[in-house]
Each structure stands twice: as C-alpha cells, then as structure tokens.
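**Q** Take a look and give me a structure for this.
(one chain, ligands or ions: 1)
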Amino acid sequence: MTTIVVVGGTGQAGRAVVREAGTRGLDVRVVSRRPPESADGAAHHAVDLLGDDEVGVVAALTAAFDGADAVVDASNGMAPGAQAVFTTGARRVAEAAGRARAGRVVVLSIAGVDRSGYAYYQAHAEQERVHAAGPVPATIVRATQFHEFLGIFFGRDSRLGAWSRAGLLPYPRGCRFQTIDLRDVARALVDTAQGDDPLGVAPVPGPSGAPTVTVGGPEVRDARDLAHAWRRAQGSRRLPVGVPLPGPLGEFFRAGRNLVPDAAVGTVTYDEWLAGR
Ligand SMILES: NC(=O)c1ccc[n+]([C@@H]2O[C@H](COP(=O)([O-])OP(=O)(O)OC[C@H]3O[C@@H](n4cnc5c(N)ncnc54)[C@H](OP(=O)(O)O)[C@@H]3O)[C@@H](O)[C@H]2O)c1
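**A** Sure thing, here's the model as predicted:
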C-alpha cells in the first residue's frame with residue numbers, strides 16, 4: 001500500500017490532503033505540533049519543525065517518514081518568526097526524507113512566489129529551493145489562492161473587522177483573484193505523491209530547478225465582483241467597499257502576478273464553493 005506522510009496535515013490544505021489520500025485508500029501519517037481534531041484514520045507524529053534540538057527533530061521526522069513513498073510538505077508559517085518553517089523547517093524535512101529513503105517529496109507552494117518582495121513569499125521561494133537541492137526528488141505544486149483566502153478580507157472576524165462592524169464589506173481595490181478549491185489542490189498533491197502528473201499536467205522545471213506544476217482556479221475575477229458574490233451567498237447587507245492593500249503583497253496582486261490563466265485546472269468555482277458551505 002502507498003504510504004504518504006503529510007507535514008502540516010492538520011492545516012487547511014493538509015486536512016484536505018489527508019481526506020483525499022484516505023478516499024484513495026492510502027496509508028496516511030500526519031506530522032504537526034498539535035494532534036488533529038479528528039484523526040481521519042491517520043497516525044499522528046508530534047514534531048516541532050523549529051524545535052531547538054536539531055538532531056532530535058531530524059530523528060523524529062526520520063521515524064515519521066520511515067517507509068514512506070512520499071512526503072507532502074504542506075506546512076505553513078505566516079508570522080515573521082514562524083517563516084523559518086520554510087527555511088530551517090524545510091531543510092530538516094528534506095534531510096529526514098533522505099535519511100528515511102522516502103520515495104519523493106511534494107511541496108505545496110504558491111503561484112508566483114518567486115516574483116514578489118513580500119517576505120512570506122520570499123521565504124516560500126527559499127523553501128522551494130531547499131527541497132529542490134534536497135537528497136530526495138522533489139516536485140513543487142504551486143497553487144493560486146484558496147477560496148478560503150478571501151475570508152481575510154470578507155470574514156467578520158478578519159483583521160478588517162472594524163469595517164464589517166461599520167456595515168462595510170472591504171475588498172482589496174484593483175486586485176483580481178483566481179481562487180481554487182482545496183479539494184482540487186489536494187487531488188493535485190496526492191496525484192503527485194502517487195507518482196502521477198498532478199491533475200494530468202506534466203511538471204516542468206520551475207524557478208527552483210525542481211519539476212513544478214501550477215494549479216489555478218477555474219476563473220479570474222475582480223475582487224469587487226467576488227465581494228458581491230460573497231454578499232449574495234451570505235445574504236449580507238454589508239456594503240462592498242474597495243480598500244487599498246499596502247506593501248509588496250498589494251503590489252503583487254494589483255500587478256496580477258497571482259494569476260495563471262493558462263493553468264485554470266480547478267473544477268470548483270467560487271460561487272459553487274460558496275453555495276456548498
Ligand atoms: N492560503 C492560501 O490561499 C494558499 C494558496 C496556495 C498555497 N498555500 C500554501 O499552502 C501551505 C499550507 O497552508 P495552510 O493554509 O493549509 O496552512 P495552515 O492552515 O496554517 O496549516 C499549517 C500546518 O503546518 C503545521 N505547522 C506549523 N508550524 C509548524 C511547526 N513549527 N512544526 C510542525 N508543524 C507546523 C500546523 O500544525 P501545528 O500548528 O499544530 O504545528 C498545520 O498543520 C502553505 O505553504 C501556504 O503558503 C496557501
């Protein structure tokens with residue numbers, strides 16, 4: 001039976017990968033600091049990728065990867081200190097995958113991360129390079145923003161909560177998105193873990209040098225239009241209002257560097273995703 005280990009298997013993408021692998025009848029293990037809320041039949045290995053004891057962390061990862069056909073790296077570190085997950089953490093994952101003689105490594109990354117001055121994206125691009133230079137053949141799967149991503153603007157509990165309390169629905173002005181369903185992303189990752197072309201698309205050498213596939217959502221839409229779609233689906237009376245998204249991330253989105261119209265392989269539109277929530 002194919003065994004895959006999902007590093008970050010309790011996160012939003014990782015959980016979708018665990019579900020997809022389970023549906024395919026694969027043997028699944030999860031690595032994260034905290035145990036999953038629902039095990040989904042996967043064995044859990046508690047490891048902090050950024051633990052102080054380097055030797056101990058690599059040993060724990062090696063044990064988790066023992067006999068694995070594939071290691072899927074779906075870890076994440078958003079906060080400035082946590083971005084070392086993509087550098088120190090990735091180096092440890094790569095080293096342990098080599099020690100455990102894992103068959104392949106599959107890395108979940110983001111479309112266009114090598115084309116932004118946003119520190120989080122730069123750390124992600126470094127993660128790609130670390131795995132590309134690692135001892136086990138690595139394939140990078142770059143996805144566009146997940147449908148869930150827009151919740152950081154539209155959600156009531158978002159950092160823009162003050163806007164929503166004022167009856168407004170903020171959206172990033174001048175930005176377009178090609179959001180993708182996590183189930184499509186998970187299928188691409190598990191396809192790759194099984195040695196198949198993700199969603200039938202053959203990987204080609206990417207900026208890191210590793211074989212890379214980009215998977216995008218089925219349609220490119222303006223953020224304003226997406227805010228209206230959210231409003232309709234929620235039955236919300238909040239008034240959509242464009243707000244400037246500052247810094248390099250705003251620049252990245254306004255330049256459309258997050259868009260991959262030639263890789264629109266996702267099958268679930270934003271409206272369909274909203275309707276299914
Ligand atoms: N959001 C998007 O729109 C989008 C689009 C394309 C690609 N991506 C990429 O997809 C990947 C996964 O994102 P996500 O949103 O699913 O992340 P997430 O929900 O934040 O989950 C992160 C996972 O990593 C684990 N983790 C974090 N720090 C760790 C540490 N020090 N040691 C061990 N495990 C650790 C977490 O578990 P514990 O906290 O319990 O350790 C969790 O399982 C990221 O690389 C992200 O950039 C995201």
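**Q** For the longest helix along the chain, give me every contacting residue.
**A** When every helix of the chain is counted residue by residue (DSSP state H), the longest turns out to be helix 119-132. In this structure, residues lying in contact with helix 119-132 by CB atoms under 8 Å, 6 or more residues apart in numbering are 73, 77-78, 80, 83-84, 86-87, 90-91, 93-94, 105, 107, 109-110, 112-114, 116, 138, 140, 206-210, 212, 248-249, 252. C-betas here are computed from N, CA, C, even on glycine.
**Q** Low-confidence stretches in this protein?
**A** Per-residue confidence of the chain (counting by pLDDT under 70) places the weak regions at 39, 158.
**Q** Residue numbers of it in contact with the ligand?
**A** 8-14, 32-34, 47-50, 74-77, 85, 108, 110, 124, 143, 145-146, 149 (CB under 6 Å from any ligand atom).
**Q** which of these count as buried?
**A** Among the residues of the chain next to the ligand, those scoring as buried are 8-11, 13-14, 32, 47-50, 74-77, 85, 108, 110, 124, 143, 145-146, 149 (criterion: 16 or more other CB atoms under 10 Å).
**Q** before we move on, the earlier item: only the buried residues of the longest helix of the chain, if you could.
**A** For helix 119-132, the buried set under the neighbour-count rule, 16+ other CB under 10 Å, comprises 120-132.
**Q** which of those residues lies closest to the ligand?
**A** His124 (5.8 Å; CB to the nearest ligand atom).
**Q** hey, C-alpha coordinates of stretch 108-123 in CSV?
**A** What follows is stretch 108-123, C-alpha atoms only, in CSV (Å, rounded to 0.1, in the frame of the first residue of the first chain):
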residue,chain,number,x,y,z
LEU,A,108,2.8,22.9,-1.7
SER,A,109,3.7,26.4,-2.7
ILE,A,110,2.0,29.5,-4.2
ALA,A,111,1.8,30.7,-7.8
GLY,A,112,4.3,33.5,-8.4
VAL,A,113,6.1,33.4,-5.0
ASP,A,114,9.4,34.0,-6.8
ARG,A,115,8.1,37.3,-8.2
SER,A,116,7.3,39.2,-5.0
GLY,A,117,9.2,41.2,-2.4
TYR,A,118,6.7,40.0,0.2
ALA,A,119,8.8,38.4,3.0
TYR,A,120,6.5,35.5,3.4
TYR,A,121,6.6,34.7,-0.3
GLN,A,122,10.4,35.1,-0.4
ALA,A,123,10.6,32.5,2.4
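**Q** Could you pull out the helices in the stretch 151-277 of the chain for me?
**A** Assigned helices in the stretch 151-277 of the chain, in chain order: 151-154, 161-165, 182-193, 223-234, 247-254, 270-275 (criterion: DSSP state H, counting those that start in this stretch).
**Q** Kindly reformat these as JSON lines containing mean neighbour count.
**A** Compiled in JSON lines, these are given as follows (neighbours: other CB atoms under 10 Å):
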{"stretch": "helix 151-154", "mean neighbour count": "18"}
{"stretch": "helix 161-165", "mean neighbour count": "14"}
{"stretch": "helix 182-193", "mean neighbour count": "25"}
{"stretch": "helix 223-234", "mean neighbour count": "18"}
{"stretch": "helix 247-254", "mean neighbour count": "17"}
{"stretch": "helix 270-275", "mean neighbour count": "17"}
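**Q** closest one to Ala64 among those?
**A** Of all the helices of the stretch 151-277 of the chain, helix 182-193 sits nearest to Ala64, with 15.0 Å by CB to CB.
**Q** Which elements pack onto that closest one?
**A** helix 12-23, strand 70-73, strand 104-110, strand 138-143, strand 211-215 (3 or more CB pairs under 8 Å, 6 or more residues apart in numbering; DSSP states H and E).
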